[in-house]
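A.B. asks: Here is a sequence with its predicted model. Questions after.
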Amino acid sequence: MVRLSVNINKIATLRNARGGNVPDVVKAAFDCERFGAQGITVHPRPDERHIRISDVFDLKKAISVEFNIEGNPTREFIELVKKAGPAQVTLVPDDPGQLTSDHGWDTIKHKEKLIGIIAEFHEAGIRTSIFVDPDVNMVKHASETGTDRIELYTENYARNFVKDRELAIQPFLLAAKTANSIGLGLNAGHDLNLDNLRYFAENIPGLQEVSIGHALICDALYFGLENAVQLYLRQLKSV
């Protein structure tokens, strides 16, 4: 079964909009675990506009499922991750003020930089994944960084799914086959939802984990958090 990691950034966004601790980010993560999610993902940004540094350490103590911290590997981020000690770190090439992740790494241009960062995380015993576009060449060069996994950036798949799902998935299928052939683990995320998730999971070979936040939290407004988590898990159980 493909594992579901729930990104709880939007829970923190709602909390921060009002101040205080409602909704409680740690309780939400614990409840996602209780409802069946196999992982929790957070993306602490420098401006702490959603996940705060303190949340990272509170969550690490509170949950027992896989903890995945994603972000742009600045020196501050690297030290935060090493200190928190999650199961996985996902490296994303974001600018500091970026609204949301919108592209993967150029694994040729940034190869040497990534090699050093990934080695540092490996020394700390942390599994690494790097965000990449569904480009066979980028996937091939990702393997030379030493990363354990890649995370396929799926916005283009989600956008084109409603037009032609077979065409939309083709570059991701080729990227996945390439990753499988060179021994890279495979994650995916961004704009996956209840409409497009099952088709993606059924057709991408070797898919290990999906990270889903915005869509799942939006669905929780209508269905409730427990039902939303269960609905997403149901899309993955037949895979």
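C.D. replies: Nice, thanks for sending it over.
A.B. asks: How far away from the center of its chain is the longest helix seen in the chain?
C.D. replies: In the chain, ranked by residue count with DSSP state H as the criterion, the top helix is helix 165-181. In this view, helix 165-181 has its centroid 18 Å away from the chain centroid, taken as C-alpha atoms, centre = their mean, to the nearest Å.
A.B. asks: Equivalent analysis for stretch 204-215, please.
C.D. replies: Using C-alpha atoms, centre = their mean, the distance between the centre of stretch 204-215 and that of its chain works out at 8 Å.
A.B. asks: same check, this time on stretch 57-69
C.D. replies: In terms of C-alpha atoms, centre = their mean, the centre of stretch 57-69 is set 14 Å apart from its chain centre.
A.B. asks: Need the residues that contact it.
C.D. replies: With contact meaning C-beta atoms under 8 Å, 6 or more residues apart in numbering, stretch 57-69 is reached by 3, 5, 25-26, 29-30, 33, 37-44, 56, 80-81, 83-90, 129, 211. Backbone N, C-alpha and C define where each C-beta goes, glycine included.
A.B. asks: could you say which helix or strand contains the residue sitting nearest the centre point of the chain?
C.D. replies: Among the residues of the chain, S211 comes closest to the average C-alpha position under C-alpha atoms, centre = their mean, at 4.0 Å. When secondary structure is defined using DSSP states H and E, the element that contains S211 is strand 207-212.
A.B. asks: My guess is D219 contacts L194. True?
C.D. replies: Yes - counting by C-beta atoms under 8 Å, D219 touches L194, with 6.5 Å between them.
A.B. asks: higher neighbour count, those two?
C.D. replies: Each of D219 and L194 has its neighbours counted (other C-beta atoms under 10 Å); D219 has more, 19 against 16.
A.B. asks: Tell me who's in contact with that one.
C.D. replies: Applying C-beta under 8 Å, 6+ apart, we find D219 in contact with 193-194, 228, 231.
A.B. asks: if we go to 7 Å?
C.D. replies: Shown here is D219, whose contacts under the criterion C-beta atoms under 7 Å, 6 or more residues apart in numbering are 194, 228, 231.
A.B. asks: picking that back up, now list the buried members of the contacts of stretch 57-69.
C.D. replies: If you count burial by 16 or more other C-beta atoms under 10 Å, the buried members of the contacts of stretch 57-69 come out as 3, 5, 25-26, 29-30, 33, 37-44, 56, 80-81, 84, 86, 88-90, 129, 211.
A.B. asks: Flag every buried residue along the helix or strand just after the longest helix of the chain.
C.D. replies: Per DSSP H and E, the first helix or strand lying C-terminal to helix 165-181 is strand 185-189. Buried positions in strand 185-189, judged by neighbour count with 16+ other C-beta under 10 Å: 185-189.
A.B. asks: Partner strands of strand 185-189 and their direction?
C.D. replies: With DSSP bridges as the test, strand 185-189 is paired with strand 149-153 (parallel), strand 207-212 (parallel).
A.B. asks: mind checking how far the first one is from the chain centre?
C.D. replies: Per C-alpha atoms, centre = their mean, the displacement of strand 149-153 from the mean C-alpha position of its chain is 8 Å.
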